[in-house]
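[1] Give me a 3D structure for the following:
(one chain, ligands or ions: 1)
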Amino acid sequence: MNVRYYFPVSVAYDSRACYEAATTKPTNHSLSLTLLHHRSLSLPFFQNPNFLTGNTMQRFCSVNGISKNRAMVERLQHFGVITSSKVAEVMETVDRALFVPSGSAPYDDSPMAIGYNATISAPHMHATCLQLLEENLQPGMRALDVGSGTGYLTACFALMVGPRGRAVGVEHIPELVSFAIENIQKSAAATLLKDGSLFVHVGDGREGWPEFAPYDAIHVGAAAPEIPQPLIDQLKPGGRMVIPVGNMFQDLKVVDKNSDGSISIRTETSVRYVPLTSREAQLRGY
Ligand code: SAH
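    Alright, predicted model coming up:
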């Protein structure tokens, strides 16, 4: 049996604090406390002041970057967040440093500001969502990433579904779509973008992206007050959606569409994401 622990991790941007973090841990309480301690306090290379001032060199020094990215994945495996070898492989392949603004600590396990009142999710949340969706990200399948932000998860989805599949990011801030495309072009998913199995579009993600529906996997990277009906409609029978739902208090919901079209919804864990809202509300600070 598993117990869910909630680990708030904060990052300041503008004048607000944004935080999101949650995962599933073994029932051994002392082990869990140790994990909590390790997560927040014992991050050897993350705490290195030189590392924290990591800059453009960090972003483009690929050998160094890849080994540190691998170390980030190994830490998530060590603490039981990543249990899937496929998810470990894709997160090792997509160097996170290519997706965070320069000057950020790319391998730190916390969300980071990306401008426009948005954040890139923490690595453990990316890992959690990839694992929840893994069965629906098989080669040849279709994935929709709503609120694709930096493009990091869209790139991971594209590598998992491969050249015969389709990964579609939808983001309502045009500058973030440009940022995502630049990031993806530097990453291991660049060929998939060039060859047309990976797309990032400007749009209101609450409407989904009907052009390529139905989807085997839908990920929503921002919290919706309630699950948007168009996203349910665009889910394939047998498909799965992972979506944070709520306002101040949010739950990560796992929505499965059964073969008869009915819907099953369960709560995975408590989370904190930025809102899935209108562009205007987001830009004025919600
Ligand atoms: N998953 C991404 C970004 C998470 S932040 C990453 O990790 O990089 C949530 C993103 O959702 C932001 O980029 C925000 O601009 C976007 N967003 C919020 N509401 C939206 C909407 N209605 N349509 C499309 N994107 C939206």
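[2] number of nearby residues for the closest residue to residue 66 other than its chain neighbours?
    Leaving aside its sequence neighbours, residue 66 sits nearest to residue 95 (C-beta to C-beta, 6 or more residues apart in numbering; 6.0 Å). (Glycine included, C-beta is placed from N, CA and C.) Other residues lying near residue 95 total 24 when counted by other C-beta atoms under 10 Å.
[3] now residue 95: how far from the ligand?
    Between residue 95 and the ligand the computed distance is 14 Å (C-beta to the nearest ligand atom, to the nearest Å).
[4] Touching, that residue and residue 187? I think so.
    Yes - Residue 95 is within contact range of residue 187, at 6.6 Å (criterion: C-beta atoms under 8 Å).
[5] ok so, going back, and the residue nearest to residue 66, how far from residue 119?
    Distance, residue 95 to residue 119, using C-beta to C-beta, to the nearest Å: 19 Å.
[6] where does the stretch 151-286 of the chain come near the ligand, residue by residue?
    By C-beta under 6 Å from any ligand atom, the residues of the stretch 151-286 of the chain that approach the ligand are 152-153, 170-173, 176, 204-206, 221-222, 274, 276-277, 282.
[7] And for the stretch 1-150 of the chain?
    So the stretch 1-150 of the chain meets the ligand at 116, 118-121, 147-150 (C-beta under 6 Å from any ligand atom).
[8] can you pull out the helices in this structure?
    29-41, 44-47, 49-52, 56-60, 62-78, 85-93, 123-133, 152-161, 174-186, 190-195, 229-233, 279-283 (DSSP state H).
[9] just these: most buried one?
    Most buried of these, by mean neighbour count (mean count of other C-beta atoms under 10 Å): helix 152-161, with a mean of 28.
[10] what packs against that helix?
    Secondary-structure packing of helix 152-161 (3 or more C-beta pairs under 8 Å, 6 or more residues apart in numbering; DSSP states H and E): helix 85-93, helix 123-133, strand 142-146, strand 166-171, helix 174-186, helix 190-195, strand 198-202, strand 215-220.
[11] one more time with 7 Å
    Helix 152-161 makes packing contacts with helix 85-93, helix 123-133, strand 142-146, strand 166-171, strand 198-202 when contacts are defined by 3 or more C-beta pairs under 7 Å, 6 or more residues apart in numbering; DSSP states H and E.
[12] I'd like the average pLDDT over the last one.
    Think strand 198-202. For strand 198-202, the mean pLDDT works out to 98.
[13] what's the answer for the longest one, then?
    Helix 123-133 comes out with an average pLDDT of 98.
[14] Show me the contact partners of that helix.
    20-21, 23, 72, 76, 81-84, 87, 90-91, 96, 109, 152-153, 156, 217, 219, 240, 242, 254, 268 (C-beta atoms under 7 Å, 6 or more residues apart in numbering).
[15] change it to 6 Å
    Helix 123-133 is contacted from outside by 23, 72, 76, 81-82, 84, 87, 109, 153, 156, 217, 219, 242, 254, using C-beta atoms under 6 Å, 6 or more residues apart in numbering.
[16] Export only the CA atoms of that helix, formatted as PDB.
    Listed next in PDB are the C-alpha coordinates belonging to helix 123-133 (Å, rounded to 0.1, in the frame of the first residue of the first chain):
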ATOM      1  CA  PRO A 123      11.100  17.200 -12.800                       C
ATOM      2  CA  HIS A 124       9.300  14.900 -10.400                       C
ATOM      3  CA  MET A 125       5.900  16.100 -11.700                       C
ATOM      4  CA  HIS A 126       7.100  15.600 -15.300                       C
ATOM      5  CA  ALA A 127       8.200  12.100 -14.300                       C
ATOM      6  CA  THR A 128       4.900  11.400 -12.500                       C
ATOM      7  CA  CYS A 129       2.800  12.500 -15.500                       C
ATOM      8  CA  LEU A 130       4.900  10.500 -18.000                       C
ATOM      9  CA  GLN A 131       4.500   7.400 -15.900                       C
ATOM     10  CA  LEU A 132       0.800   7.800 -15.500                       C
ATOM     11  CA  LEU A 133       0.500   8.200 -19.300                       C
END
